[in-house]
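Visitor: Sequence below, structure please.
(chains A and B)
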Amino acid sequence: MRDVLRGGGTLGAHEGPYFGDFGGRFVPEALVAALDELETAYHKALADPTFADELERLHRTYTGRPSPLTEVPRFARHVGEGVRVFLKREDLNHTGSHKINNVLGQALLVKRMGKRRVIAETGAGQHGVATATAAALLDLECTVYMGEEDTRRQALNVARMRLLGAEVVPVTIGSRTLKDAINEALRDWVANVESTHYLLGTVTGPHPFPEMVRDFHKIIGAEAREQLLAETGLLPDAVAACVGGGSNAMGIFNAFLDDPQVRLFGFEAGGEGVASGRHAARFSGGSPGVLQGARSFLLQDEDGQTLPSHSVSAGLDYPSVGPEHAWLHEIGRAEYLPVTDAEAMEAFRLLCRTEGIIPAIESAHALAGAIRLGPQVGSWGVQDREPVLLVNLSGRGDKDVATAAAWFGLIEDEPVVKADEGEQL
Amino acid sequence: MSVTDVRSVTGDRLDALASGEQPRAALVGYLPVGFPTVPGSVEAVRTMVEAGVDVVELGMPYSDPVMDGPLIQRAVDVALQGGTRVRDTLVAVEQVADAGAPVLVMTYWNLVLRYGVEAFARDLAAAGGAGLITPDLVPDEAGEWTAASDAHGLDRVFLVAPSSTPERLVTTTAASRGFVYAASTMGVTGERATVGSRAEQLVADTRAAGARRVCVGLGVSTPEQAAQVAAYADGVIVGSALVRPLMEAATPTAGLDALATAAAGLAAGVRGARRSAR
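Guide: Take a look at the predicted model:
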């Protein structure tokens, strides 16, 4: 575990606070001491084998790691002739997504820092549920901020968090989504920083969060690499992951950053299409700027005001992205492409029907991306073997069943929202 | 050019008040541009200066004001929904620069970054502005702004907080020009029943770290609190308590009347303070 956390490559072990021109700490002075404290505690924990041992034990006995690698041949037939597709099954982790990897790491740090309370933001609810879970496990008070719009979209996860003992605070200002939940969490943190840790859920925010959260998710890529090599003797030709803030993508990308033959693809929410203006495609429709603690790509108007984002997936509905992704985009190491709501939902349906796996709608963006890559991947220098695609299945779709049912018109009295007539699931 | 080579407009005003016949602290009044309208906010600034505000803090509306409480965020939302643009702030600065008080612009950093740091400094100076207060920009990230503010003779007001370490008090003080903004409490803007008890110690610590002038903000809302803070600080910064009269009034005229009353009360508080030895 310790070796996984520390990394060993060059790109893969890059440390903050800056990733090229991106990252940094654009925060109120009141938070600087807490960020310094967190950075110190984190580096001290990295140097302490008991920390890695404890995290490894939790992953093995509580999270259920290693998560399996599943080849999906029936789905792969829709991706491309002869393409082999493997899913990294983060959906099988306890609480149903990759989020638990980071949450357990940070929660152990909270105990080391002697704090009693954690706050978190959540969009789809996966990070909120994971945080509420870790708080229950480690006896911490927990408050989760969630945009009011998202509490409606993800009512089941709100109930889960409350069952686990967390206070869920619906945020009623701004666009009432993830961005506004983060603002409220930051305000709470400024006021209560002495007793409270902000358990940030993705690779965004001020240093050291992007570096630290990435490190806690490196295990996804480390396991997938080892599992794929054992299964096929090969590295993947391409890795596909969805990118909201970007934590699952950074976790799986990390193990392959220093393998130039492996192409890395981040699929962000194209919503109703980049041209429509209703999307969360920061790389296709955004520009560099500062939001919520870091310099990265973001959706903004010509004055620098944050533009509202849109996605059928609450977890990807965020106007900025982790600074390390911005850097990988700038240096051309990873490619970022938008996937529309309709493409993602089609891929969602396809995985359900071909493999018996209901993915999170976030993860369905990566599946849709894989379908798009399929026709090309065979021409990337692979001559004498079948091309291999690795897709990070970052979460399961239980929380999205209501959204999908409405989309496909599966519930009586619910109108068909987007699916074409005759295309019901 | 070093910090000491550039003359500070705001610092000169604070020094003049501190060394006058009746030495006193300054009243620094915050209002956002564009609330309730752009012309309305210009009128409001002139009103509060006439009522006794010594230094103006003009807020640039931003979509994600994480250091502000609900009242100011509501006002700023009204400004943005009304179509207030960044360039309206520069126009407003120009229109209030002759009102009789130095004008500092309070802004979240992305707005300046997007405009262009050097261009913003140039245009702010040309409009007659005194400098910037930057709630989400700490000196560690301010290299470009440091150069631009030196080049254009602008003040750089950075914040210190009760959580700032002695080392950060020194570096933040050294990077600031005009005054250092001491946050009275760990929290965001808004009226509070009492001013943070750690404010006086923070002012003393910031002075010990080398600051010539330290003003206190966050939570100051009554004449009594203003008097209390004015006894030990170089300036008393008030925001929400000046925005509220504009927010709650039935008509724009009534709002300006209520604002004048609130500002005059706070000014009287500052003027009536029993100053401790400096």
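Visitor: Point out where the chain drops to low pLDDT.
Guide: Picking chain A for this. Scanning chain A for pLDDT under 70 picks out A:1-9, A:381-382, A:413-425.
Visitor: Chain B, not that one
Guide: B:1-4, B:276-278.
Visitor: Could you rerun that using 50?
Guide: B:1-3 (pLDDT under 50).
Visitor: and the longest strand for the chain?
Guide: Reading this off chain A. strand A:263-271 (DSSP state E).
Visitor: Sorry, I should have been clearer: chain B.
Guide: Under DSSP E, chain B gives strand B:26-32 as its longest strand.
Visitor: Give me the contacts around that strand.
Guide: With contact meaning C-beta atoms under 8 Å, 6 or more residues apart in numbering or on different chains, strand B:26-32 is reached by B:13-14, B:17, B:41, B:44-45, B:48-49, B:52-61, B:72, B:75-76, B:79, B:104, B:106, B:215, B:217, B:226, B:234-239, B:242-243, B:246, B:263, B:266-267, B:270. Yep, even glycine has a C-beta here, placed from its N, CA and C like the rest.
Visitor: Show me these that map onto strands.
Guide: Among those, the members that lie in strands (by DSSP E) are B:55-59, B:104, B:106, B:215, B:217, B:235-238.
Visitor: Which residues belonging to the strand or helix carrying residue A:55 are considered buried?
Guide: Using DSSP states H and E, residue A:55 falls within helix A:49-58. Neighbour counts over helix A:49-58 (16 or more other C-beta atoms under 10 Å in any protein chain shown) mark A:51-52, A:54-56, A:58 as buried.
Visitor: show me what contacts the residue of the stretch 51-200 of chain B found nearest chain A?
Guide: Nearest to chain A, among the residues of the stretch 51-200 of chain B, is residue B:114, at 3.1 Å (C-beta to the nearest C-beta). Going by C-beta under 8 Å, 6+ apart, residue B:114 touches A:289, A:300, A:302-304, B:86.
Visitor: Name the nearest of those relative to residue A:181.
Guide: Of all those, the one with the least separation from residue A:181 (C-beta to C-beta) is residue A:300, at 18.9 Å.
Visitor: what about the nearest residue to that closest one once chain neighbours are set aside, neighbour count?
Guide: Nearest residue to residue A:300 in three dimensions, chain neighbours excluded: residue A:289, at 5.2 Å (C-beta to C-beta, 6 or more residues apart in numbering or on different chains). A count of nearby residues for residue A:289, using other C-beta atoms under 10 Å in any protein chain shown, gives 23.
Visitor: swap in residue A:104?
Guide: 23.
Visitor: Please identify the helix or strand for it.
Guide: Going by DSSP H and E, residue A:104 is in helix A:99-113.
Visitor: List the strands paired with the helix or strand that comes right after that helix, with their directions.
Guide: Later in the chain than helix A:99-113, the nearest helix or strand by DSSP H and E is strand A:117-122. Here strand A:117-122 is paired, per DSSP bridges, with strand A:141-147 (parallel), strand A:196-198 (parallel).
Visitor: could I get those strands as TSV with mean neighbour count and distance to residue A:346?
Guide: Putting the strands paired with strand A:117-122 into TSV (neighbours: other C-beta atoms under 10 Å in any protein chain shown; distance: least, C-beta to C-beta, whole Å) gives the following:
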stretch	mean neighbour count	distance to residue A:346
strand A:141-147	25	27
strand A:196-198	24	37
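Visitor: Which of these sits closest to residue B:210?
Guide: The nearest among those, by C-beta to C-beta, is strand A:196-198 at 31.3 Å.
Visitor: Present the strands paired with strand A:117-122 as CSV; the columns should include distance to residue A:84.
Guide: As requested, the strands paired with strand A:117-122 are exported to CSV (distance: least, C-beta to C-beta, whole Å):
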stretch, distance to residue A:84
strand A:141-147, 39
strand A:196-198, 41
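Visitor: closest one to residue A:357 among these?
Guide: When these are compared (using C-beta to C-beta), the closest one is strand A:141-147, at 26.4 Å.
Visitor: How about residues contacting that closest one?
Guide: Contacts for strand A:141-147 (C-beta under 8 Å, 6+ apart): A:116-123, A:125, A:128, A:131-132, A:135-136, A:154, A:158, A:161, A:164-171, A:174-182, A:184-185, A:188.
Visitor: count of neighbours near residue A:262?
Guide: Using other C-beta under 10 Å, residue A:262 has 18 neighbouring residues.
Visitor: where's residue A:375, which helix or strand?
Guide: helix A:361-377.
Visitor: What is that helix packed up against?
Guide: strand A:238-242, strand A:263-271, strand A:334-340, helix A:341-355, strand A:388-393 (3 or more C-beta pairs under 8 Å, 6 or more residues apart in numbering or on different chains; DSSP states H and E).
Visitor: Which one of those lies nearest to chain B?
Guide: Taking the helices and strands packed on helix A:361-377 one by one with C-beta to the nearest C-beta, strand A:263-271 is closest: 18.8 Å.
Visitor: So the residue in the stretch 251-400 of chain A that chain B sits nearest to versus residue B:231, what's the distance?
Guide: In the stretch 251-400 of chain A, the residue that lies nearest chain B is residue A:304 (3.1 Å; C-beta to the nearest C-beta). Residue A:304 sits at a distance of 39 Å from residue B:231 (criterion: C-beta to C-beta, to the nearest Å).
Visitor: The two: who's more crowded?
Guide: residue A:304 (24 against 17).
Visitor: Partner strands of the longest strand of chain B, with direction?
Guide: strand B:55-59 (parallel), strand B:235-238 (parallel).
Visitor: Take those and lay them out in TSV including distance to residue B:141 and mean neighbour count.
Guide: As requested, those are exported to TSV (distance: least, C-beta to C-beta, whole Å; neighbours: other C-beta atoms under 10 Å in any protein chain shown):
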stretch	distance to residue B:141	mean neighbour count
strand B:55-59	21	26
strand B:235-238	23	29
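Visitor: Identify whichever of the ones you listed lies nearest to residue A:112.
Guide: So among those, strand B:235-238 is nearest, using C-beta to C-beta, at 37.3 Å.
Visitor: where does the stretch 251-400 of chain A come near chain B, residue by residue?
Guide: Within the stretch 251-400 of chain A, the positions adjacent to chain B are A:289-292, A:300, A:302-306 by C-beta under 8 Å from any C-beta of the partner chain.
Visitor: Now with 10 Å, please.
Guide: A:287-293, A:295, A:298, A:300-308, A:319 (C-beta under 10 Å from any C-beta of the partner chain).
Visitor: can you tell me which of the residues you listed are in strands?
Guide: A:287-291, A:293, A:295, A:298.
Visitor: which two in those residues are spaced the farthest apart?
Guide: Longest span within those, C-beta to C-beta: A:287 and A:293, 17.8 Å.
Visitor: ok, the two, which is more surrounded?
Guide: Between residue A:287 and residue A:293, residue A:293 has the larger neighbour count (other C-beta under 10 Å), namely 27 against 13.
Visitor: which residues touch that one?
Guide: Residue A:293 sits next to A:23-28, A:31, A:35, A:182, A:186, A:200, A:204-207, A:209-210, A:320, A:323, B:66, B:136 when contact means C-beta atoms under 10 Å, 6 or more residues apart in numbering or on different chains.
Visitor: Next: residue B:76.
Guide: B:32-35, B:59-65, B:68, B:84, B:243.
Visitor: what ranges do the helices span in the stretch 101-250 of chain A?
Guide: Ranges of helices in the stretch 101-250 of chain A, per DSSP state H, counting those that start in this stretch, are A:126-138, A:148-153, A:155-163, A:178-192, A:209-232, A:247-253.
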